[in-house]
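J.: I would like to see how this sequence folds:
(chains A and B)
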There are 2 protein chains.
Amino acid sequence: MHTLYQFQSSGNCYKLRLAMHQLGIPFHKVEVDILQKQSRTPEFLAMNPNGRIPVLKVGERYLPESNAALWYLAQGSALMPTDSFAQAQLLQWMFFEQYSHEPNIATIRYWVHIANTADQFEQEIEAKRKAGYAALRVMDTHLAGNPYLVAGQYSIADIALYAYTHVAAEGGFDLSSFTHIARWLSDIEAQPGYINMANS
Amino acid sequence: MHTLYQFQSSGNCYKLRLAMHQLGIPFHKVEVDILQKQSRTPEFLAMNPNGRIPVLKVGERYLPESNAALWYLAQGSALMPTDSFAQAQLLQWMFFEQYSHEPNIATIRYWVHIANTADQFEQEIEAKRKAGYAALRVMDTHLAGNPYLVAGQYSIADIALYAYTHVAAEGGFDLSSFTHIARWLSDIEAQPGYINMANS
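T.: Down below sits the predicted model:
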């Protein structure tokens, strides 16, 4: 059985819980309290020298990086289209998530909602707020003409971007003008096997 | 024939030129002057709403995100191991590159060496310098026990991380203590079909 080294309220970790729930893959959870720097201990760094959660343990091997683990879990499943260009488009959106979306939207949520350190990061939050809204506009525009992010079907690209988009308000983002994102969030929450962040 | 919309001195664009050269894939280059904001014109945004280079045009379709395009180009080639866990490890390193390496090492190089705007970003450079060295330490430690990043063989993970590591000094990073990275850079430069950034 896989083991997920994770922090419950991290969207990056929730991605893997949601995917494994929907794919019927059983797993153990091991909680790593990042507020207590438990991802920087020698024991944790032996699993992931980059000192970040999640890490998925598969047999005796460790796989860091949430979107790489999503890819591993979804190979050959309904969460991954089979066409090679569509697979590249999954990765396009997953790299967009890690470069243009997560460092802005998830990081502000972390400071505001998880670590309670927003007052130390006022300048950074201003810059990241602007970049976060730009990422949301890119998504909303795309979702205006597409039911899901890639190939007209629910996939790991949607899971990757759902994770922090659906809790963006916890970092103070106002999603009310992004009507296509709102429709897409609802459609994801109606998928078979959907489970929310708290209960997964 | 593929078309690469690119900026010649961008490492993200060089990744694709190097891979296509080594894979024998012919392509056209179209230069996009990011210093003149040519990636933010309506015409460019129609190709990539995220306003970033590179974009690989395949037939009539556009594929943004350098590492997604690398994946597309390398499918079924010697640059991609066939084992499914090793493929996930390729992605692990490519997500590491876009999250922990490129935003620090490439961004400082851009300010210092390309845009000549380092004086406007002193505070950001200090934070990114520290994070950039941390990423280099992760790589150096891994390369102490591995000839290449994944599965003992040269792959698109090596291309993705070579792109900005080999020019890190242009942003003021001192690589002299990273002896395993130095060995790995030399081994990549000895690969069949290697071509440098300027000549590709």
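J.: Just the angle for the helix or strand encompassing residue A:127 relative to helix B:122-144, thanks.
T.: Using DSSP states H and E, the element containing residue A:127 is helix A:122-144. Per axes from the mean of the first three to the mean of the last three C-alpha atoms, to 10 degrees, the angle that helix A:122-144 makes with helix B:122-144 is 70 degrees.
J.: ok, helix A:122-144 near chain B or not?
T.: Yes. Counting by C-beta under 8 Å from any C-beta of the partner chain, contacts between helix A:122-144 and chain B involve A:135, A:138, A:141, A:142. Where you see a C-beta, it was placed from the backbone N, CA and C, and this is true even at glycine.
J.: for stretch A:61-72, same thing?
T.: Yes. Stretch A:61-72 comes into contact with chain B (C-beta under 8 Å from any C-beta), by way of A:61, A:63, A:64, A:65, A:66, A:67, A:68, A:69, A:71, A:72.
J.: Let's see that stretch as PDB, backbone CA atoms only.
T.: What follows is stretch A:61-72 as a C-alpha-only set of coordinates in PDB (Å, rounded to 0.1, in the frame of the first residue of the first chain):
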ATOM      1  CA  ARG A  61      10.800   4.300  -3.300                       C
ATOM      2  CA  TYR A  62       9.900   7.900  -2.600                       C
ATOM      3  CA  LEU A  63       8.300  10.300  -5.100                       C
ATOM      4  CA  PRO A  64       8.200  14.000  -4.300                       C
ATOM      5  CA  GLU A  65       6.400  16.700  -6.300                       C
ATOM      6  CA  SER A  66       2.600  16.500  -6.200                       C
ATOM      7  CA  ASN A  67       2.100  16.700  -9.900                       C
ATOM      8  CA  ALA A  68       4.700  14.100 -10.700                       C
ATOM      9  CA  ALA A  69       2.900  11.800  -8.200                       C
ATOM     10  CA  LEU A  70      -0.500  12.600  -9.700                       C
ATOM     11  CA  TRP A  71       0.900  11.600 -13.100                       C
ATOM     12  CA  TYR A  72       2.300   8.300 -11.700                       C
END
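J.: Residues contacting it from elsewhere in the structure, which ones?
T.: A:12-13, A:15-16, A:19, A:47-48, A:50, A:52, A:54-58, A:80, A:90-91, A:94-95, A:97-98, A:156, A:159-160, B:84-85, B:87-89, B:91-92, B:94-96, B:99 (C-beta atoms under 8 Å, 6 or more residues apart in numbering or on different chains).
J.: Mark which of those are buried, thanks.
T.: Buried members of these, counted by 16 or more other C-beta atoms under 10 Å in any protein chain shown: A:12-13, A:15-16, A:19, A:47-48, A:50, A:52, A:54-58, A:80, A:90-91, A:94-95, A:97-98, A:156, A:159-160, B:87-89, B:91-92, B:94-96, B:99.
J.: Which residue is the nearest non-sequential neighbour of residue A:34?
T.: residue A:7 (5.0 Å; C-beta to C-beta, 6 or more residues apart in numbering or on different chains).
J.: List the contacts of residue A:200.
T.: A:14, A:17, A:18, A:21.
J.: Over to residue A:51?
T.: A:39, A:40, A:44, A:45.
J.: and the two most separated of those?
T.: The largest separation in the contacts of residue A:51, counting by C-beta to C-beta, is between A:39 and A:45 at 8.3 Å.
J.: got the buried residues for stretch A:60-79?
T.: Under the neighbour-count criterion of 16+ other C-beta under 10 Å, stretch A:60-79 has A:63-74, A:79 buried.
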